[in-house]
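Visitor: Coordinates only, no sequence provided:
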DNA sequence: AAAAAGAACTTTGGGATGCAAAGTTAAGCA
DNA sequence: TGCTTAACTTTGCATCCCAAAGTTCTTTTT
């Protein structure tokens, strides 16, 4: 049996990024401002974590204007969904190992 | 209902330290050399992660000589056991949220 | 048309973290 | 007295993280 620790995803080992993915996996298209509110981080900080996820192609971006204001929405990609699932499975295995 | 992400433990968000705790929680008194072998890290790197756990008083150290060689054993503390459990519970809640 | 405002960034600066490799220490052996 | 080994400690460098400040783009106000 494989070591579940080997299946942890480096990028998703950070709380903020894990939480972003966790929101996006069940909400198809989530706004920057809402993410910021939920996570309680500064906008610059959030932008950098989002960028890290974009770099990995775990999420995609679409920009538009809503109510005359810029509105950015993020969606999880198939690749992101798989990575997230794999990471969660690894976490689950780690947890299970201890029970 | 509380946000499980808030219960994640900063110190245990690192793979190596999580794995050390995971070994120690079920093995009472584990050697430096065995840990090094299991984790596949350099000895200096391992020592620094161990130090981080010691700083938090999550583990304790006992040194002796076995077969005329230095032998260092680590044990999880009660505080460490609680922290580990809390962290795992948080992880479990995160996982469960998605299923 | 110029100024102001707001959302979403980007940059900056500084501190913490992570790592491998090299150096150190203590005990025992030759 | 050197040599070896385990277990560190130090060093040097790269990466990461964060808040705060600055920037861009579009729309609104004047």
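Guide: Structure received. A quick note: this is a predicted structure, and the numbers were derived from the prediction, not measured.
Visitor: Wait, residue A:20 touches residue A:34, no?
Guide: No: using C-beta atoms under 8 Å, residue A:20 is not in contact with residue A:34, being 11.1 Å away. Every C-beta, even on glycine, is put in place using the N, C-alpha and C of the backbone.
Visitor: what mean pLDDT does stretch A:64-81 have?
Guide: Mean pLDDT, computed over stretch A:64-81, is 91.
Visitor: what about residue A:20 and residue A:34, which has more around it?
Guide: Neighbours per residue, other C-beta atoms under 10 Å in any protein chain shown: of residue A:20 and residue A:34, the larger number sits with residue A:20, 27 against 13.
Visitor: can you tell if stretch A:48-63 touches DNA strand C?
Guide: Yes: judged by C-beta under 7 Å from any atom of the strand, stretch A:48-63 and DNA strand C are in contact via A:48, A:50, A:51, A:61, A:63.
Visitor: Tell me the spacing between the fourth one and DNA strand D.
Guide: Think residue A:61. 14 Å (C-beta to the nearest atom of the strand, to the nearest Å).
Visitor: Break down chain A into its helices, ranges please.
Guide: Applying DSSP state H to chain A gives helices spanning A:15-26, A:32-39, A:43-55, A:78-98.
Visitor: Perfect, that will be all.
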